[in-house]
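In: Would you be able to build a 3D model of this:
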Amino acid sequence: MKLKMCVAAVAGLLIAVSGTAHASGNAADGKIKATQCAMCHGMDGRGGGPNPPVVALDTAKFSAALNDYRSGKRRHPLMEMMAKKLSDQDIADLSAHYASLRK
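Out: Numbering: from 1, shown residues only. Have a look, this model is predicted:
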């Protein structure tokens, strides 16, 4: 019984640690990943096209938007296609990068 509780505690700790490791993004990695985004959103995340979509948002809003595109909850053909290619870590990194551009 004690062994089962110990194994369960260790498993829970590993899940918590692995979830935390991927929860925070790396802005430098996000900047590299954002090169494809810049065509529409600009290098500064303030929009580069005729109808500029601003993506220099706080991390929660940015992540929520990309996750919604990835799941199909939010609709835009190009964004859905791009978001489906992203991992959770990609989204965290991009989020950290664009949050760093907020003024």
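
In: Okay, helices next: where are they in this structure?
Out: Ranges of helices within the chain are 2-23, 27-33, 38-41, 59-71, 77-84, 88-100, based on DSSP state H.

In: least reliable of these going by mean pLDDT?
Out: If you rank the helices of the chain by mean pLDDT, helix 2-23 sits at the bottom with a mean of 42.

In: Setting aside sequence neighbours, what's the nearest residue to the most centrally placed residue in the chain?
Out: Centroid-nearest residue in the chain: Ile91, 1.8 Å away (criterion: CA atoms, centre = their mean). Nearest residue to Ile91, sequence neighbours excluded (CB to CB, 6 or more residues apart in numbering): Leu66, at 4.9 Å. For every residue, glycine as well, the C-beta is placed using N, CA and C.

In: residues contacting the one you found?
Out: Taking CB atoms under 8 Å, 6 or more residues apart in numbering, we find Leu66 in contact with Ala83, Leu86, Ile91, Leu94, Ser95.

In: Go through those residues and name the one nearest Asp29.
Out: Set against Asp29, the nearest of those by CB to CB is Leu94 (8.7 Å).
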